[in-house]
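Student: Kindly return the folded structure for what I paste below:
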Amino acid sequence: MQDIVEYIHTDTCASLNGKKRKAEDENETEMWNQTKEHAEKLAGVSSAAMYYNLTSLVQKIEKSISKFLETTPSLSFVVLAACHKAGPLVPAELAEPAWSLVRTNKDALMSTNAIACVDATLVEEILKDDQTTMDEYDLFLFLTQWVQINPKDRKPIAKKLGCNIKLESINPSHLSDTVASSGLFMSDQINEAYKNQALHAEQAGSVPFQGSRHGVWKKSRTAATGLDVSDVNTDILMCAPIEDGIHQWTVKLLWDDGAGRNVSAAFGIVCSQTFVENGRQLGKQKGGWGLDDYAQIFREGGLEKLDVWAIQVGSEITLTLNLNPSNKRNGTLSISWGEGKRYSHHCLVNNLRDHLKSHPGGFLPAVSTSSGGRVELVKMRKLKKAD
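Tutor: Next up is the predicted model:
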């Protein structure tokens with residue numbers, strides 16, 4: 001009441017300014033405790049101001065709270081907890097700046113001092129909030145931090161509150177590691193999330209669940225790739241990026257019915273981080289190396305003609321990517337084709353390991369086709385040593 005009486009007579013009150021302090025004279029815990037007391041005081045005064053219809057005082061309290069939230073977003077929980085404690089008369093506008101930060105600012109969720117003042121009711125409200133823009137994994141981390149403050153009392157509560165987190169929206173790598181080991185979820189809950197993720201991936205076509213054991217092409221989702229006669233199709237193999245070891249794969253150049261044998265194709269690799277442009281042949285893609293069917297070597301756009309027979313429709317082409325440290329040429333891509341592999345292990349490019357140092361991420365097998373050409377993956381394997 002003292003603040004209300006003071007405001008009526010002077011148009012201000014002590015609670016609006018809070019207690020002045022010297023930062024060097026206190027530790028972080030003392031600062032948080034004082035801030036918590038100040039926020040609770042403001043929430044209580046705003047509740048009384050609403051009762052006495054002092055709207056100007058409520059507006060000044062809102063400005064005061066917004067000001068210290070701008071400099072310290074993690075105080076959001078302190079404000080929300082204070083509003084909860086003050087009761088239903090506290091205007092919703094008082095908590096809105098804090099809610100805005102909690103919904104959008106990851107750092108505001110992760111302060112241990114701030115989380116310590118949050119009760120289970122507020123935790124549930126945060127997890128259920130349908131306006132939040134936070135990732136489900138961030139909400140999970142918030143819940144685990146809340147538990148760690150008092151595991152004995154809070155973990156049983158957190159197990160019940162966990163049902164408000166959408167596990168299927170968390171990356172499988174996190175589900176199988178951090179989430180599974182937290183002890184907050186039953187194995188059935190995590191398995192259900194895996195199932196929903198797999199069904200969604202199958203429906204969206206983002207992951208191939210049926211195809212050759214050696215791999216499938218990204219665009220076609222099958223072992224063969226190729227487009228209409230008039231189109232240029234550049235495709236990459238869906239596999240783990242190749243960063244070391246010796247990897248070998250064999251493809252076969254085919255043609256679509258009615259296209260004749262006058263097809264065009266190119267075979268090689270691209271950087272896994274390369275954006276593959278539609279309508280551009282592999283030899284013109286940035287970060288691409290290989291050989292086209294006219295026996296032209298391309299190295300990131302540059303061409304060099306080999307004095308050999310061109311690759312014919314029906315040929316099987318074997319490419320070997322050797323990134324072993326013992327490789328004297330410091331990482332090579334070589335190619336073999338023709339009957340009895342007439343052109344055997346012709347080296348197309350050297351020093352690919354140097355490229356990995358400046359462009360990490362590994363390489364992916366890639367092909368281009370046009371004029372009705374199709375390329376089919378025959379097999380892929382990892383070698384213990386070079387052939």
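Student: rest of the way, CA atoms for contacts and neighbours
Tutor: OK.
Student: Where is the longest helix in the protein?
Tutor: Ranked by residue count and defined by DSSP state H, the top helix of the chain is helix 28-51.
Student: List the buried residues of that helix.
Tutor: 32, 35-50 (16 or more other Cα atoms under 10 Å).
Student: what pLDDT, on average, does that helix get?
Tutor: Average pLDDT, helix 28-51: 72.
Student: With adjacent residues omitted, what lies nearest to Ser187?
Tutor: Ala180 (7.5 Å; Cα to Cα, 6 or more residues apart in numbering).
Student: Quick check: the closest residue in space to Ile157 that isn't next to it in sequence vs Ile335, distance?
Tutor: With Cα to Cα, 6+ apart as the criterion, Ile157 has its nearest non-adjacent residue at 7.5 Å, and that residue is Ala120. Counting by Cα to Cα, to the nearest Å, the gap from Ala120 to Ile335 is 64 Å.
Student: which of these two has more neighbours?
Tutor: Taking other Cα atoms under 10 Å, Ala120 and Ile335 do not tie; Ile335 has more neighbours (23 against 13).
Student: Can you tell me the SS state at that one?
Tutor: State at Ile335, reduced to three classes by DSSP: H, G, I helix; E, B strand; the rest coil: strand.
Student: who are the neighbours in contact with it?
Tutor: Ile335 is in contact with 317-320, 343-348, counting by Cα atoms under 8 Å, 6 or more residues apart in numbering.
Student: Next: Leu42.
Tutor: Contact partners of Leu42, counting by Cα under 8 Å, 6+ apart, are 15-16, 61.
Student: switch to 7 Å and redo it
Tutor: 15, 61 (Cα atoms under 7 Å, 6 or more residues apart in numbering).
Student: Tell me how far it lies from Asn350.
Tutor: 70 Å.
Student: repeat for Val276
Tutor: 22 Å.
Student: ranges for the strands of this structure?
Tutor: 216-217, 224-225, 233-238, 246-255, 264-271, 288-292, 296-299, 302-305, 316-322, 332-337, 343-349, 363-370, 373-383 (DSSP state E).
Student: Mind telling me which of the ones you listed the model trusts least?
Tutor: Minimum mean pLDDT among these: strand 302-305, a mean of 69.
Student: List the residues that contact the residue sitting nearest the centre point of the chain.
Tutor: The centre of the chain sits closest to Asn171, judged by Cα atoms, centre = their mean, with a distance of 8.0 Å. Residues near Asn171 by Cα under 7 Å, 6+ apart: none.
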